[in-house]
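Undergrad: Got a sequence here, can you build the structure:
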Amino acid sequence: MSLIHNALATTSYSNQTYGAYIKKACNSTTYPQECYKYLLPYAFKIKANPQKLSKVSLSVTLNAVHNASSTVSKLLKQNGLSRLEAATIKDCIVNIKDSLDELKQSLEEMSLLSGLDKEFHIANIKTWLSAALTDENTCTDGFEGEVIDKIVKQKISNIVLKIARLTSNSLSLINSLVI
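TA: Residues are numbered from 1 along each chain as shown. The predicted structure follows:
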């Protein structure tokens with residue numbers, strides 16, 4: 001076998017091993033299929049490291065929440081929204097941006113896990129992720145009892161469902177970190 005074939009075979013084996021690790025870790029989350037789908041592309045970066053897995057999960061979630069904020073903000077600019085619809089969507093945007101800030105704080109805190117007080121830092125991350133999840137759910141709670149365009153409501157609900165699942169999975173992975 002040539003050197004290139006050996007390298008490719010080793011890389012393929014490593015990716016399979018890392019993929020199996022990610023699948024096993026994701027099975028402990030509330031939404032294992034989403035977890036695996038979003039984290040598998042980073043298998044080579046994660047390797048079999050729980051801390052890297054958690055950090056990548058937070059990064060993926062942060063990116064998704066950032067995109068959600070942009071998408072929902074664009075919906076606000078849609079013509080024909082009533083004042084009530086616009087106000088409800090604005091409240092939702094505030095909640096999503098709060099979630100974004102909490103995810104940024106969580107990711108920053110991850111860099112402190114190599115130092116002292118790991119338990120303290122993990123507790124902070126758990127608190128911020130729980131708050132982010134609450135903010136995401138509060139966004140769609142604002143639609144209840146309100147007359148909102150069905151299409152707009154469904155779009156926002158789908159967006160928020162995706163980011164809430166990613167946030168929940170990140171929290172599950174953080175909860176499984178052994179200190």
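Undergrad: make it CA atoms for all contacts and neighbour counts henceforth
TA: Noted.
Undergrad: In terms of helices and strands, where is the residue nearest the centre of the chain?
TA: Closest residue to the average C-alpha location of the chain: T61 at 2.3 Å, with Cα atoms, centre = their mean. Counting by DSSP states H and E, the element that carries T61 is helix 50-76.
Undergrad: can you map out the helices along the protein?
TA: With helices called from DSSP state H, the chain shows them at 3-26, 32-39, 43-46, 50-76, 83-110, 118-141, 150-175.
Undergrad: Let's have those in JSON lines, adding mean pLDDT.
TA: Below are the helices of the chain laid out as JSON lines (pLDDT from 0 to 100):
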{"stretch": "helix 3-26", "mean pLDDT": "66"}
{"stretch": "helix 32-39", "mean pLDDT": "96"}
{"stretch": "helix 43-46", "mean pLDDT": "92"}
{"stretch": "helix 50-76", "mean pLDDT": "96"}
{"stretch": "helix 83-110", "mean pLDDT": "94"}
{"stretch": "helix 118-141", "mean pLDDT": "94"}
{"stretch": "helix 150-175", "mean pLDDT": "95"}
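Undergrad: what's in contact with stretch 162-171?
TA: By Cα atoms under 8 Å, 6 or more residues apart in numbering, the residues outside stretch 162-171 that reach it are 26, 29-32, 34-35, 54, 57-58, 61, 64-65, 68, 126, 129-130, 132-133, 136-137.
Undergrad: Select only the buried ones of those in ChimeraX?
TA: A single ChimeraX command selects the buried members of those (16 or more other Cα atoms under 10 Å):
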select :26,29,30,32,35,54,57,58,61,64,65,68,126,129,130,132,133,136,137
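Undergrad: still on that earlier bit, separation between the residue nearest to the centre of the chain and E119?
TA: For T61, the distance to E119 equals 22 Å [Cα to Cα, to the nearest Å].
Undergrad: Just the terminal-to-terminal distance for stretch 40-54.
TA: 13 Å.
Undergrad: Quick one: residues in contact with it.
TA: With Cα under 8 Å, 6+ apart as the test, stretch 40-54 has contacts from 14-15, 18-19, 21-22, 39, 56, 170, 173-174, 177.
Undergrad: Also stretch 118-127?
TA: The set of residues external to stretch 118-127 that reach it, using Cα under 8 Å, 6+ apart, is 105-107, 109-110, 112-113, 171, 174-175, 179.
Undergrad: What are the buried residues along it?
TA: Buried residues in stretch 118-127, counted by 16+ other Cα under 10 Å: 118, 121-122, 124-126.
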